[in-house]
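Student: structure for this input, please:
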Amino acid sequence: MLQQNDVIAARLFYERAAAAGSARGATNAGKTYDPAFLSTIDARGLQSDVPRAMYWYRIAATVLGDKEAAERLKVLVAQTGR
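Tutor: Model (predicted):
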């Protein structure tokens, strides 16, 4: 879905995967809200949401043990001071 630039549909898919216990799903859900990730894809008109990105990264990192999410969370915390 991301390859087709349908970030909203991808977000829903990833959030469902995360709800089923997928660390990768939670990390990817976070990416769909992350301004750094959104700037790397053609996501015109889509607003980032840093608190939501951080929420999903925290779930992925602390609950599900995803190292990529932990790194992405560190970057957002450093950039925002949250």
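Student: and the residue nearest the centre of the chain, what pLDDT?
Tutor: By Cα atoms, centre = their mean, the chain has its centre lying nearest to Gly30, at 1.2 Å. For Gly30, the model assigns a pLDDT of 97.
Student: ok, Gly30 - contacts?
Tutor: Arg52, Ala53, Met54, Tyr55, Trp56, Tyr57, Ala60, Ala69, Arg72 (Cβ atoms under 8 Å, 6 or more residues apart in numbering). Placement of C-beta: from N, CA and C, glycine included.
Student: would you mind listing which of those residues are buried?
Tutor: Ala53, Met54, Tyr55, Trp56, Tyr57, Ala60, Ala69, Arg72 (16 or more other Cβ atoms under 10 Å).
Student: from Met54, how far off is Ala78?
Tutor: Per Cβ to Cβ, to the nearest Å, Ala78 is found 12 Å from Met54.
Student: also Glu68?
Tutor: Per Cβ to Cβ, Glu68 is found 14 Å from Met54.
Student: likewise Asp6?
Tutor: Look at Asp6 and Met54: by Cβ to Cβ, they are 23 Å apart.
Student: ditto for Met1
Tutor: Distance, Met1 to Met54, using Cβ to Cβ: 22 Å.
Student: just to revisit the earlier point, chain neighbours aside, what residue packs nearest to the residue nearest to the centre of the chain?
Tutor: With Cβ to Cβ, 6 or more residues apart in numbering as the criterion, Gly30 has its nearest non-adjacent residue at 3.4 Å, and that residue is Trp56.
Student: okay, and that neighbour sits in which element?
Tutor: Per DSSP states H and E: Trp56 is located in helix 50-58.
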